[in-house]
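*Asks:* got a predicted structure here, sequence first:
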Amino acid sequence: MKTVVRKYGYLDNRDLCEISLINDNGMQVKILNYGATLEKIEIPTSKGLENIIMSLTSPEDYSKGRNYLGGTIGRVAGRIKKGQWKHGNQITQFPINEGENSMHGGEGIDTRPWTFQPKYNDSYASVEFEIFDYDGANGYPGNMKIKATYRLDNDNNLNYHITAMTDKTTLFNPTNHTYFRLDGDQHDVTDLNLKVNADYYIPVDENTMPVKGAKKVDGTPFDFRKSKHLNEVINSDVNEIKIRNGLDHPFILNGNQPAAVLTSNRSNRKLIMSTDAPAVVIYSGNSFNHTGIAKNLGQHDGITLEAQVAPQNGCKLDPLVLLPGEKFSRRVNWKVVY
């Protein structure tokens, strides 16, 4: 096991660094302190290392335009309707940055450099990131200290653990926004199979806002309780999928582990995801179109499995509330089989 740190830039009086975690099998994970961002998961093949997540061309590109690739998203992942939170008789207004809604925490914690500390021993290689988010940042009350730790072991488990505390009642519902693809950059995800331990999903409107609460997956394209070919879902003629050009939906996990399994028939590679989060938002990269800073990426080139509390409809956001003295903790584990 070992760690390697490489400086590649400088922003806001902070070094920008790429930290590599390398296990004894030759698997490598590259993480940026910009946004505590998972940049690459590289597995050894007969032709050398191959990256199995969506990534920009270079680390320098990540701070040139917001793209959410692999970022630690927050304070609140997803959309808040009209950017408003009603708690008691008070309404807090957050920045409107997508249509009439607030998305992914405004200019959130994924857009700033974090401090970091790499560690390794015979059992694992890890890096712990930390950021201070001040009271009033993006309209959110409370000073917050947020930590995100990535740890790679010799069983090819990559563990992600995020913790936080606040000194004022606030909202906190972060996620990791990695897009998995399994078969490298030559194939999109429509040829992969997905299994999700979820009995319910949440229907959304054309703006990806929840409507009418949870709905049983029985008899719908959203039933992933048995492994299902993604092509038949992403290209379904069901209106709920057509209005988003693919999957962009929350699933309520039923508590059985693993939460999700992504499998490639082409290479027999597998991603096994476990989490203590109550829901996962699955998004099939519908808006990528080979333009801008992500010009190397196209529609459906990757799929997210965003562990979080499911997005809420309306402005009473009690499930997202974090109280002073309460410690937030969320874990996600990705096991890579190849």
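*Replies:* The structure has been received and is ready for your questions.
*Asks:* first to last residue in stretch 10-29, what's the distance?
*Replies:* For stretch 10-29, the first-to-last residue distance is 22 Å (C-alpha to C-alpha, to the nearest Å).
*Asks:* sorry, slip of the keys, the one I care about is stretch 31-51.
*Replies:* By C-alpha to C-alpha, one end of stretch 31-51 lies 13 Å from the other end.
*Asks:* give me the below-cutoff pLDDT ranges for the chain.
*Replies:* Within the chain, no stretch has pLDDT under 70.
*Asks:* hmm, Ile80 is touching Phe94, no?
*Replies:* Yes: the pair Ile80 / Phe94 is scored as a contact, 5.9 Å apart, by C-beta atoms under 8 Å. Backbone N, C-alpha and C define where each C-beta goes, glycine included.
*Asks:* and the helix or strand containing Ile131, which strands flank it?
*Replies:* Ile131 is located in strand 124-133, with elements delineated by DSSP states H and E. Here strand 124-133 is paired, per DSSP bridges, with strand 115-120 (antiparallel), strand 144-153 (antiparallel).
*Asks:* okay, buried residues for it please.
*Replies:* By neighbour count with 16 or more other C-beta atoms under 10 Å, strand 124-133 contains the buried residues Tyr124, Ala125, Ser126, Val127, Glu128, Phe129, Glu130, Ile131, Asp133.
*Asks:* now stretch 318-326
*Replies:* By neighbour count with 16+ other C-beta under 10 Å, stretch 318-326 contains the buried residues Leu320, Val321, Leu322.
*Asks:* sorry, back to before: can you redo the strands paired with strand 124-133 as a markdown table with mean neighbour count and distance to Leu253?
*Replies:* Formatted as a markdown table, the strands paired with strand 124-133 follow (neighbours: other C-beta atoms under 10 Å; distance: least, C-beta to C-beta, whole Å):
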| stretch | mean neighbour count | distance to Leu253 |
| --- | --- | --- |
| strand 115-120 | 16 | 30 |
| strand 144-153 | 21 | 21 |
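*Asks:* which among these is found nearest to Leu38?
*Replies:* Smallest distance to Leu38 across the strands paired with strand 124-133 (C-beta to C-beta): 7.0 Å, for strand 144-153.
*Asks:* right, and the helix or strand after the closest one?
*Replies:* Using DSSP H and E, the helix or strand that follows strand 144-153 in sequence is strand 157-166.
*Asks:* tell me the angle that next one makes with strand 144-153.
*Replies:* Going by axes from the mean of the first three to the mean of the last three C-alpha atoms, to 10 degrees, strand 157-166 is angled at 170 degrees with respect to strand 144-153.
*Asks:* tell me the first helix or strand C-terminal of strand 157-166.
*Replies:* Next helix or strand after strand 157-166 toward the C-terminus (DSSP H and E): strand 170-171.
*Asks:* still on that earlier bit, what does the strand holding Ile131 contact?
*Replies:* Defining contact as C-beta atoms under 8 Å, 6 or more residues apart in numbering, one finds that strand 124-133 is touched by 1-3, 19, 21-23, 31, 33, 36, 72, 75, 109, 112, 114-120, 140, 143-154.
*Asks:* that older thread, which members of the buried residues of stretch 318-326 occur in strands, if any?
*Replies:* Using DSSP state E, Val321, Leu322 are the members of the buried residues of stretch 318-326 that sit in strands.
*Asks:* now Val261. Nearest residue, chain neighbours left out?
*Replies:* In this structure, Val261 finds its nearest non-sequential neighbour in Lys195, 4.4 Å apart by C-beta to C-beta, 6 or more residues apart in numbering.
*Asks:* from Glu60, how far out is Asp205?
*Replies:* As judged by C-beta to C-beta, to the nearest Å, Asp205 and Glu60 stand 37 Å apart.
*Asks:* likewise Ser236?
*Replies:* Noted for Ser236: a distance of 38 Å to Glu60, by C-beta to C-beta.
*Asks:* which of these two has more residues huddled nearby?
*Replies:* The neighbour comparison of Ser236 against Glu60 (other C-beta atoms under 10 Å) goes to Ser236, with 16 against 13.
*Asks:* so Asn289, which state does it fall into?
*Replies:* coil (DSSP: H, G, I helix; E, B strand; the rest coil).
*Asks:* let me see the contact set for it.
*Replies:* Here Asn289 is in contact with Gly298, Gln299 (C-beta under 8 Å, 6+ apart).
*Asks:* try 10 Å
*Replies:* Lys295, Leu297, Gly298, Gln299 (C-beta atoms under 10 Å, 6 or more residues apart in numbering).
*Asks:* of those residues, grab the buried ones for ChimeraX.
*Replies:* Per 16+ other C-beta under 10 Å, the buried members of the contacts of Asn289 correspond to this ChimeraX selection:
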select :297,298,299
